[in-house]
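Asks: please find the sequence and the predicted model below.
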Amino acid sequence: MFRKLFSEFRIPLRYHLLFWLIYFVFNFFRFASINNDYWYSLKSNLIEFPLNIVITYFTIYYLIPRYILKKKYLQFLLLFIPSLLLFYLIRTGLNYILVSENIWPEAQGNQEPFTVIHVVELVIGAIYVIALVSAIKLTYDWANEKKRNEDLQRIQLETELNFLKSQIQPHFFFNTLNNLYALVIKQSPNAANVVMKLSEIMQYVLYEVKEPKISLLKSINYLYSYLELEKLRYGDRVKSEISIDGDIDEVEVPPLLFLPFIENCFKHGARNQEDINVLISFVVKDNFLYFTVTNNYVIQNDGKPKHGIGIENVKRRLHLLYGSKYSLKTRAKGNEYSVNLKLPLHED
C-alpha cells in the first residue's frame, strides 16, 4: 500500500526514506545536544517525526496542487493554517501524555506550553520542514521536466530527420528511374549497366541510411557510384573528379547529405550540349570537414539557378543536426556554380 502511495509521488520511495532518515537523525542529535538528554530527544522525535511526514505530504501533494497551482490562495490558507494548528495540538498533547509533562525543556526560562510563543515555535519548525521538502521536490520535478522536454525534443528531432531522409530516397529513385526510362526508350546498351549501378545504390540507400551517422568514406563511395551512373547516361560529356585532403578514416557524417548537391550539378548542367563538369573536394582540417562542389550550369531567366526540394531538405537537416555550428555558402559566377559546406566533426 505504501509503495503504491509513494509511486504516485514520482520521486522513488528510497529517496523519501533516505531523506526522512537523515532528518530524524539530524533532529535527534540536535535536540539531544541542547539538554544532553538523548532519551527524551528520541521519544520526542518519535512523536514529531510521523506528524511532520503527514503534514508535509498533505501540503505538498494535496494543498499545493489543488490550490496554489490553481491560484486559489485564500482557500489554501484556510486549510493550511488549521492544519498547522492541528499539528501543534496533536504534537503537544502526545508529547505531554507519552513523553513528559515538561514538553519544552529546550526553552530558556520558564516557558509554558500552549502559549503564543510556543505555538509560533512549533509552527515555524513545521513550516521549515515543509519548505525544505518542497524545495527538494520542486528541484527534482524541474530536473525531471527538463529531461522530459529534452527527450521530447530529441524524439521530435529524430522523427523529422527520418522524415527528411525518407524524402531524399524517393526523390533520388524518381530521377534515376526517369533516366533509365529514357535509356530504354532509346534502346541504349547502357540500360543494363544502369540497372546494375542502381541496384548497388539501392543497397546503400535501403540499409546504410538507417543509421544516424555513416563513415565519410562510404558517403564518398556512394557519390562515386552515383557519378558512374550519370556517366552511363551522358557518356563522355561527364567530366568529374573527387579529391580528398586529410585523414577521413574516423570521420562520420549524416547519410545522404551530399547527394542533393551532386544531383543539382546534373539537373542544371545537363540542359546544355556542353560537357558537364563536376569537381568535388573533401578536406578535413582543424576538427572541421570542408565539402566543396563546383559545376557549370545554365543561367535561368532571372540569372539565378533554381533549387529543388533536395537542397531545401539538406538545409533543414543541417539546421536540425548542427544548429548554428555549420556554414553553407553558394556562389554563382558566370556559368559556374559552387557550394561550400563547413561541418564540425563533433557536433553537440
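Replies: Nice, I can see it.
Asks: hmm, Arg331 is touching Thr294, no?
Replies: No: in this structure, Arg331 is not within contact of Thr294 by Cβ atoms under 8 Å, at 9.2 Å. The C-beta positions use only the backbone N, C-alpha and C, and glycine is treated the same way.
Asks: common neighbours of those two, please.
Replies: Listed as contacting both Arg331 and Thr294 by Cβ atoms under 8 Å, 6 or more residues apart in numbering are Tyr337, Ser338.
Asks: higher neighbour count, those two?
Replies: For the pair Arg331 and Thr294, the greater number of neighbours falls to Thr294 (17 against 10), based on other Cβ atoms under 10 Å.
Asks: so which residues of this structure form strands?
Replies: For the chain, the strands defined by DSSP state E cover 214-215, 238-245, 252-253, 276-285, 288-296, 327-333, 336-344.
Asks: name the residues that touch the third one?
Replies: Contact with strand 252-253 is made by Lys213, Ile214, Ser215, Leu216, Ser219, Leu289, Leu343, as judged by Cβ under 8 Å, 6+ apart.
Asks: show me what that strand pairs with in its sheet, parallel or antiparallel.
Replies: strand 214-215 (antiparallel) (DSSP bridges).
Asks: also the fourth one?
Replies: Strand 276-285 has these partner strands in its sheet, going by DSSP bridges: strand 238-245 (parallel), strand 288-296 (antiparallel).
Asks: check the last one too.
Replies: Strand 336-344 has the following strand partners under DSSP bridges: strand 288-296 (antiparallel), strand 327-333 (antiparallel).
Asks: what's the most buried one of those?
Replies: Mean neighbour count, computed with mean count of other Cβ atoms under 10 Å, is highest for strand 288-296 among the strands paired with strand 336-344, reaching a mean of 19.
Asks: still on that earlier bit, of the strands paired with strand 336-344, which is nearest Phe258?
Replies: Proximity to Phe258 (Cβ to Cβ) singles out strand 288-296 among those, at 6.2 Å.
Asks: so this protein: which segments form each domain?
Replies: For the chain, the structural domains run 2-149, 188-344, going by automatic domain parsing.
Asks: re the thing from before, what's the least confident stretch among the strands paired with strand 336-344?
Replies: Lowest mean pLDDT of these: strand 327-333, a mean of 89.
Asks: could you list the low-confidence segments of the stretch 101-250 of the chain?
Replies: Within the stretch 101-250 of the chain, the segments meeting pLDDT under 70 span 101, 103-113, 152, 155-173, 175-176, 179, 183, 204-210.
Asks: all helices for the stretch 51-200 of the chain, in order.
Replies: Ranges of helices in the stretch 51-200 of the chain, per DSSP state H, counting those that start in this stretch, are 73-98, 116-185, 190-207.
Asks: Pro50: which of these is closest?
Replies: When the helices of the stretch 51-200 of the chain are compared by Cβ to Cβ, helix 73-98 sits nearest Pro50, at 10.0 Å.
Asks: just the buried residues of the closest one, please?
Replies: Neighbour counts over helix 73-98 (16 or more other Cβ atoms under 10 Å) mark Phe76, Leu79, Phe80, Ser83, Leu84, Phe87, Tyr88, Arg91, Thr92, Leu94, Asn95 as buried.
Asks: what's the closest of those residues to Leu42?
Replies: Asn95 (12.6 Å).
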